[in-house]
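prediction below, plus the sequence it came from.
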Amino acid sequence: DWDYYSSGYDRGHMCPAGDNKWDKEAMWESFLFTNICPQNPSLNRGDWNEMENACRRWAQQYGKVYVVCGPVLYRGKHKTIGKNKVVVPEAFFKVVLCMEDTPKAIGFIYKNEDGNRPKGDYVNSVDEVERITGIDFFPLLPDDVEKKVEKTASPEDWGI
């Protein structure tokens with residue numbers, strides 16, 4: 001915890017605490033450092049928070065969505081904070097999948113910096129987020145569905 005004090009970074013939740021109100025233990029666990037990364041304060045309180053709220057709206061609208069997010073560490077030496085040298089990610093990703101009605105997915109990359117931009121500025125296909133992160137997000141989908149939903153990003157399908 002001390003590594004964050006006076007570092008200039010917020011303790012940015014990957015899974016927001018507000019999404020864990022359903023269970024006391026889940027809420028407590030959302031504050032573990034395994035769920036937190038150093039995040040630019042403007043990003044954490046602004047555009048990233050707006051994305052968290054959008055994911056909640058989509059879950060209410062569609063009944064169920066799958067959300068995967070985390071830090072992006074590009075090659076090379078990484079900035080650190082505190083005496084424990086907590087690594088500061090260069091960016092964060094979020095991918096969202098909805099299997100209701102016609103399956104669809106969308107990806108986002110947020111640089112870990114100040115910004116106040118429309119959500120559309122962060123949109124990427126899931127394939128592009130997979131290329132950047134090296135993670136295969138939805139490997140258990142039938143291949144034809146996976147290929148279709150991951151290759152394009154249609155912000156208008158999500159009300160963006």
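Structure received.

what sits against Ser125?
Each residue near Ser125 by C-beta atoms under 8 Å, 6 or more residues apart in numbering is listed here: Ile106, Gly107, Glu150, Lys151, Thr152, Ala153. In this view, the C-beta of every residue, glycine as well, is placed from N, C-alpha and C.

ok, 6 Å please
Shown in contact with Ser125 (C-beta atoms under 6 Å, 6 or more residues apart in numbering): Gly107, Lys151, Thr152, Ala153.

filter these down to the buried ones and express that as a ChimeraX selection.
Here is the ChimeraX command that selects the buried residues among those (16 or more other C-beta atoms under 10 Å):
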select :107,153
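
tell me the phi and psi of Lys104?
Taking degrees, to the nearest 10, you get phi -150, psi 160 for the backbone angles of Lys104.

same question for stretch 42-61, mean pLDDT?
Mean pLDDT, computed over stretch 42-61, is 95.

can you list contacts of it?
Residues outside stretch 42-61 that contact it (C-beta under 6 Å, 6+ apart): Asp10, Gly12, Pro16, Val65, Val67, Asp114, Gly115, Asn116.
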